[in-house]
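Engineer: Here is my input; please provide its structure:
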Amino acid sequence: QLQLVESGGGLVQPGGSLRLSCVASGFPTNTYAIAWFRQAPGKEREGVSCLSFNGGNTNYADSVQGRFTTSRDDAENAVVLQMNSLKPEDTGVYYCAASYYSGCFYLGSIYEYDYWGQGTQVTVSS
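Structural biologist: Sure thing, here's the model as predicted:
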């Protein structure tokens, strides 16, 4: 059974950093594109980043470009999202998702992803 589990969320002050992890079970992460999405209260779920199955392509939302970095941790069969210079508008529930077909040439919509984690809360506030 394919499963994704996120961790690493929490409360952080503006300007701070958090490192989210998405651990996969049931499949190796280097066979799927792994994306991060987030959803703020009252808003639609939006794409944050995408990492292709071989790491050759990455894509980021304009709002996080230069502050967030996604990478693979093969030892943990995980994909991480390093978030720096956090802003209050980064607040939301962060989800990781897997797609067998996405090449991460663009972020894509939620409908392109087959497997989802349960989400982890990120709150940026002073």
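
Engineer: what bridges to the most centrally placed residue in the chain?
Structural biologist: With distances taken as CA atoms, centre = their mean, residue 36 lies nearest the centre of the chain, 2.3 Å away. Note on residue 36: beta-bridge partners by DSSP bridges are residue 49, residue 96.

Engineer: you'd agree it is up against residue 92?
Structural biologist: No. Using CB atoms under 8 Å, residue 36 makes no contact with residue 92, being 10.8 Å away. C-beta coordinates here come from the backbone N, C-alpha and C atoms, glycine included.

Engineer: show me the contacts for residue 51.
Structural biologist: Shown in contact with residue 51 (CB atoms under 8 Å, 6 or more residues apart in numbering): 33-35, 57-58, 70-72, 79, 104.

Engineer: let me redo that: residue 22
Structural biologist: 4-6, 34, 36, 78-81, 96, 117.

Engineer: Quick one: those residues as JSON lines, columns for distance to residue 109 too.
Structural biologist: Below are the contacts of residue 22 laid out as JSON lines (distance: CB to CB, whole Å):
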{"residue": "4", "distance to residue 109": "18"}
{"residue": "5", "distance to residue 109": "23"}
{"residue": "6", "distance to residue 109": "20"}
{"residue": "34", "distance to residue 109": "16"}
{"residue": "36", "distance to residue 109": "14"}
{"residue": "78", "distance to residue 109": "24"}
{"residue": "79", "distance to residue 109": "19"}
{"residue": "80", "distance to residue 109": "23"}
{"residue": "81", "distance to residue 109": "19"}
{"residue": "96", "distance to residue 109": "15"}
{"residue": "117", "distance to residue 109": "17"}
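
Engineer: now these: which count as buried?
Structural biologist: 4, 6, 34, 36, 78-81, 96, 117 (16 or more other CB atoms under 10 Å).

Engineer: average pLDDT for the helix or strand harbouring residue 98?
Structural biologist: Assigned by DSSP states H and E, residue 98 belongs to strand 92-99. Averaged over strand 92-99, pLDDT sits at 97.

Engineer: Return the alpha-carbon coordinates of it using PDB.
Structural biologist: Output of strand 92-99 as PDB, limited to C-alpha atoms (Å, rounded to 0.1, in the frame of the first residue of the first chain):
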ATOM      1  CA  GLY A  92      -1.400  26.700   6.100                       C
ATOM      2  CA  VAL A  93      -1.600  22.900   6.100                       C
ATOM      3  CA  TYR A  94       1.200  21.500   3.900                       C
ATOM      4  CA  TYR A  95       0.600  18.300   2.000                       C
ATOM      5  CA  CYS A  96       2.900  16.100   0.000                       C
ATOM      6  CA  ALA A  97       1.600  14.300  -3.000                       C
ATOM      7  CA  ALA A  98       3.000  11.700  -5.500                       C
ATOM      8  CA  SER A  99       2.400  11.400  -9.300                       C
END
